[in-house]
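Visitor: 3D model of this:
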Amino acid sequence: MTAFRPYPLFAPPTEVADRSPRDWSPRLARLYFDWLTGVAAERARDLVAFFDLDRSELPFRDLLLAVGERLAGELLSEGGSAQRKGGERFLTSRGHALAADAGLLTALLIIDVFGGAVHWSIVDRPRTDRSFNLPALVGFVDDLHLDPIAASLDEANAIVAGRRGPDAWAHIFDVWTDPHRV
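Guide: Residues are numbered from 1 along each chain as shown. This is a model prediction of the structure:
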């Protein structure tokens, strides 16, 4: 068994952790929103430090490329993903935390690019939206929103399935910082 460095789990308040976001009341959606936005900067900073990088030394896209390279290695390791009996790989709790934090880092960099034009908000409609009751970035054209955690988890799952490369987070950044989106 390969040893891996521990990483703090992505652990929202227990009041929301055991329920689907679709089942949250507005109060629970706000509880999660406040928790997530309250820990986002620290978790993003800790992710960068975990990979022995310095956010101040790299342009945003280069930082995300460096994080993506290291993150892909972690996700493909025993600590970041595991294999089901059928051969399909899935994220472990550690891999989920790393990927969620990469989404937070990506979100914070996008917010930095756009300043006040793009900001966090709770997706409150339509109820069928994948990100209903979850924090997302808003302020883009046509009421588009970006759920950075869902996007990041999608990319992480694609990496462990062999369908995506480590440039995933730089790609998210490129697409969502396109000036035609705001």
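
Visitor: let's verify the most centrally placed residue in the chain: helix, strand, or coil?
Guide: Using Cα atoms, centre = their mean, the residue of the chain that lies closest to the mean C-alpha position is G103, 2.1 Å off. Three-state assignment for G103 (DSSP: H, G, I helix; E, B strand; the rest coil): helix.

Visitor: for it, list the residues it contacts.
Guide: Taking Cβ atoms under 8 Å, 6 or more residues apart in numbering, we find G103 in contact with 148-153, 169. (C-beta placed from N, C-alpha, C; glycine too.)

Visitor: need the buried ones from those residues selected in PyMOL.
Guide: Only the buried members of the contacts of G103 enter the following PyMOL selection, criterion being 16 or more other Cβ atoms under 10 Å:
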select buried, resi 148+149+151+152+153+169
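
Visitor: from the contacts of G103, which single one is nearest G162?
Guide: L153 (16.4 Å; Cβ to Cβ).

Visitor: coming back round to it: helices - which of the contacts of G103 land there?
Guide: Those of the contacts of G103 mapping onto helices are 148-153, 169, per DSSP state H.

Visitor: what's the most distant pair in these?
Guide: Largest pairwise distance in the ones in helices among the contacts of G103, by Cβ to Cβ, is 13.4 Å, between A150 and W169.
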